[in-house]
Structures are given as C-alpha cells and as structure tokens.
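Peer 1: Let's see this in three dimensions:
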Amino acid sequence: MLAVDALNEIGFWLERSSAPSFKVAAFRTAAKIIAPLSEDELAERARSGRLTSMKGIGGRTAEVITQAVAGDVPDYLIGLRERNTEPLTTEGAGLLARLRGDLHAHSEWSDGSTTIEQMLHGAELLGREYLALTDHSPNLTIANGLSVERLTEQLDVVTEINATGGPVRLLSGIEVDILESGELDQTPEMLDRLDVVVASVHSKLRSDRETMTARMLGAIRTPRTNVLGHCTGRLVQGSRGTRPQSMFDAETIFAACAENDVAVEINSRPERQDPPDDLMRLALEAGCLFSIDTDAHAPGQLDYLAYGAERAERNGVPPERVITTWPVERLLEWTRG
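Peer 2: Predicted structure coming up:
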C-alpha cells in the first residue's frame, strides 16, 4: 500500500479509539510531509535511512513508511486493524446497520483536523453511502467559520469531488450558528444552495429559559433549517471539561420541530450525548424526526455513529423516524422541500 495511505489510515484508527491528539497528528503530519515526494525519491530515502532527517518524521513513522515502500502492510497498522475489529458498542447494532449516512461533519475548512477528501475516505472505510460537509458559519470566528466567499469556493470543491463518482456521496451543507436574534448566520441565498442545513446554538448557552426558547424557535421556524444540532449544548466529559445543558421550554421546542419538519439531532460524540435521554423521549412523544450524526472533526470520529445508535435504540426511537436511515434521494427530497 502507499505510505501516505498507511499513515492516514493509522490516524483513522487512532482517532476511532480516542488516542491523544498529538499521537494522531504525528502520523497525519508525516503523511503531509511525504505526499509531495515521488515514489522513487521516497524509496531512496527509505533505503538510505534518511527519512528521519526530514523534520516531522520520527522513528515510528519512518518504520511505517519503510515497510509500505517495501510493499508490505506496516506492522503497526496491522496491529491497529486487529485491535479495532470489534464495534465501539454492541448495543444499538440493529439501528446502526440501517444508518446510511451522517449529516454533521467538519473539515479543515473550519475547525476540523483534516481535508474533505480524508473525511470522505473515512466515511468510505465505514461503508457510509453519504456524508454531509457542515463546516461552521462566519459568526463562529474561533472555529474559522465560512464567509459567503469561502462557502462558495467550498461548494465548487464539493461538485468536483462528486464528479469523480466515488462510493460516498458528499452532500453540501453547513452547521449554521443560531444568532441571538434567532436568525441563521448565513445569507438565505447561500442556504438555498445547500443540501443540508444544521442549525445550532454556540454562544450565550447560559441564557435564561425564555430567551433561549425564543432564540431556538426563530431558527426552527426558518424554512431552510433541516436539523436542530446538539440542542442543549451540554458537555458531560472530555478534554474541554463539563458544561451544564442550556435551559429552554423543551415541549415548545420539540412541538415546533415536529410542526416545521425539523429533525432533532442525536449527537453521537461521547462528550455531548445530546439530547439527554429524557429530552430524547420527549421529542419522540412530540412526533419529531431524528438525525443520528457524529459531529466528527476527524475521520476516525465518524465511527462514533455507533454511540448515537445505541442511545436512540435504548430510548425507543424507531428507525423509520431517523432520517439518516433514508436513501440519499429521499433525504434530499425532504431537505429541499
């Protein structure tokens, strides 16, 4: 296999197992360093032992490259594949098997860690049929949100990628910030050009119940909103610490989602687990649709979908109410309707 592919796949499996980010970065960085080299030049460096003289190539990554150049699957990669044969969780397997895609993922265009192509390759490894690219909107400057100009440029890239006819359909999208006014942080003209619009609150998460309810209702009632992202904004574990859930009138919010045909996201990230179980059941009783998504910021995190499926199945969410079980054409007919 190609050395670049071996290094990137190692990064994928390390991400899947929640390895430290610096460890993942070592292999992804090495892949970027050797990518411009021809096969002959890379082979010569491997034979002469000069790989580690390149800044960013260490002993382990040099070993991986050398074995790949020799035509072998690197030992380190074989070990990772063997250790990752088991699913992240066995509960929810029935629902997981019916999930066709993922409507919430980020690339290096905003605050993701890899290229669009690497995210798509991760989805391919996991057997997904479609993946929505939902980088952030301009108001979220800390996440390098996309202006109209940058989003327009990204749409051209999405078109070019889909023109290659790969196994995974890349859907154009955005995770658009719900502003304090309840408006969406992108022009209506740009939102109309997208396949999928996920609307999320990212600021003033401790606002009072009435303020947050009004803010969320504004976004839900906007015709272009398809999915209400991580509705409480809570964090229950992880490197960013914990954060309590936002307060809002859940019955009113979920009734509005059902009335306006907006799916409630079941965010699969281990640190979010959003919405909480009690709110998920409330949304189910309100007649809501759901979208089980990963909110992945790296390819290996795309397998977190298993955690969302586990929680959905445990709370009695039927597969037919999950839009990410739908074939892509049915999904797009719904999002554009």
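Peer 1: E271: neighbouring residues, count only.
Peer 2: The local packing of E271 (other C-beta atoms under 10 Å) involves 17 other residues. Where C-beta positions appear, they are placed from N, C-alpha and C, glycine not excepted.
Peer 1: Correction: the previous question concerned F254.
Peer 2: Neighbours around F254, by other C-beta under 10 Å: 25.
Peer 1: any idea of the mean pLDDT for stretch 164-176?
Peer 2: On average, the pLDDT along stretch 164-176 is 97.
Peer 1: where's that stretch relative to the chain centroid, distance-wise?
Peer 2: Taking C-alpha atoms, centre = their mean, to the nearest Å, the mean C-alpha location of stretch 164-176 is offset from the chain mean by 12 Å.
Peer 1: Can I get it as CSV, trimmed to CA atoms?
Peer 2: The C-alpha coordinates for stretch 164-176 follow below in CSV (Å, rounded to 0.1, in the frame of the first residue of the first chain):
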residue,chain,number,x,y,z
THR,A,164,-15.2,11.7,-9.7
GLY,A,165,-18.0,9.2,-8.9
GLY,A,166,-16.7,7.9,-5.6
PRO,A,167,-18.6,5.4,-3.5
VAL,A,168,-19.7,8.0,-0.9
ARG,A,169,-21.9,10.9,-2.0
LEU,A,170,-20.7,14.2,-0.5
LEU,A,171,-23.6,16.5,0.4
SER,A,172,-23.1,20.2,0.6
GLY,A,173,-24.1,21.7,4.0
ILE,A,174,-23.3,23.9,6.9
GLU,A,175,-23.6,24.0,10.7
VAL,A,176,-25.1,27.5,10.8
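Peer 1: May I see the buried residues of that stretch?
Peer 2: Buried residues in stretch 164-176, counting neighbours by 16 or more other C-beta atoms under 10 Å, are found at 168-176.
Peer 1: Next, format those residues as a markdown table and append secondary structure and distance to T325.
Peer 2: Formatted as a markdown table, the buried residues of stretch 164-176 follow (DSSP: H, G, I helix; E, B strand; the rest coil; distance: C-beta to C-beta, whole Å):
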| residue | secondary structure | distance to T325 |
| --- | --- | --- |
| V168 | coil | 16 |
| R169 | strand | 15 |
| L170 | strand | 19 |
| L171 | strand | 15 |
| S172 | strand | 21 |
| G173 | strand | 18 |
| I174 | strand | 22 |
| E175 | strand | 21 |
| V176 | strand | 24 |
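Peer 1: Between which two of those residues is the distance greatest?
Peer 2: V168 and V176 (23.0 Å; C-beta to C-beta).
Peer 1: which helices and strands does the helix or strand I33 falls within pack with?
Peer 2: Assigned by DSSP states H and E, I33 belongs to helix 21-34. Here helix 21-34 touches helix 3-16, helix 59-69, going by 3 or more C-beta pairs under 8 Å, 6 or more residues apart in numbering; DSSP states H and E.
Peer 1: Redo those helices as TSV? Include mean neighbour count and mean pLDDT.
Peer 2: Output for those, formatted as TSV (neighbours: other C-beta atoms under 10 Å; pLDDT from 0 to 100):
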stretch	mean neighbour count	mean pLDDT
helix 3-16	23	95
helix 59-69	20	97
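Peer 1: Select, out of the ones you listed, the one closest to D277.
Peer 2: helix 3-16 (24.6 Å).
Peer 1: Can you name every helix or strand that that closest one contacts?
Peer 2: Using 3+ C-beta pairs under 8 Å, 6+ apart: helix 3-16 touches helix 21-34, helix 59-69, helix 75-83, helix 116-125.
Peer 1: Domain map for this structure?
Peer 2: The chain resolves into domains spanning 3-83, 93-336 when parsed by automatic domain parsing.
Peer 1: Point out the most buried one among those.
Peer 2: Across those, averaging neighbours per residue (mean count of other C-beta atoms under 10 Å) puts domain 93-336 on top, at a mean of 20.
Peer 1: first vs last residue of it, how far apart are they?
Peer 2: Terminal residues of domain 93-336 are spaced 30 Å apart (C-alpha to C-alpha, to the nearest Å).
Peer 1: circling back to that earlier point, nearest to P87 among the buried residues of stretch 164-176?
Peer 2: The nearest member of those to P87, counting by C-beta to C-beta, is V168 at 19.8 Å.
Peer 1: I figured that closest one hits Y130, correct?
Peer 2: Yes: the criterion here is C-beta atoms under 8 Å, and V168 meets it with Y130 at 6.4 Å.
Peer 1: where exactly do the strands run in the chain?
Peer 2: Along the chain, counting by DSSP state E, strands occupy 101-102, 130-133, 169-177, 196-200, 227-228, 263-267, 290-293.
Peer 1: And the fourth one, how far out from the chain middle?
Peer 2: This points to strand 196-200. The chain centroid and the centroid of strand 196-200 are separated by 13 Å under C-alpha atoms, centre = their mean.
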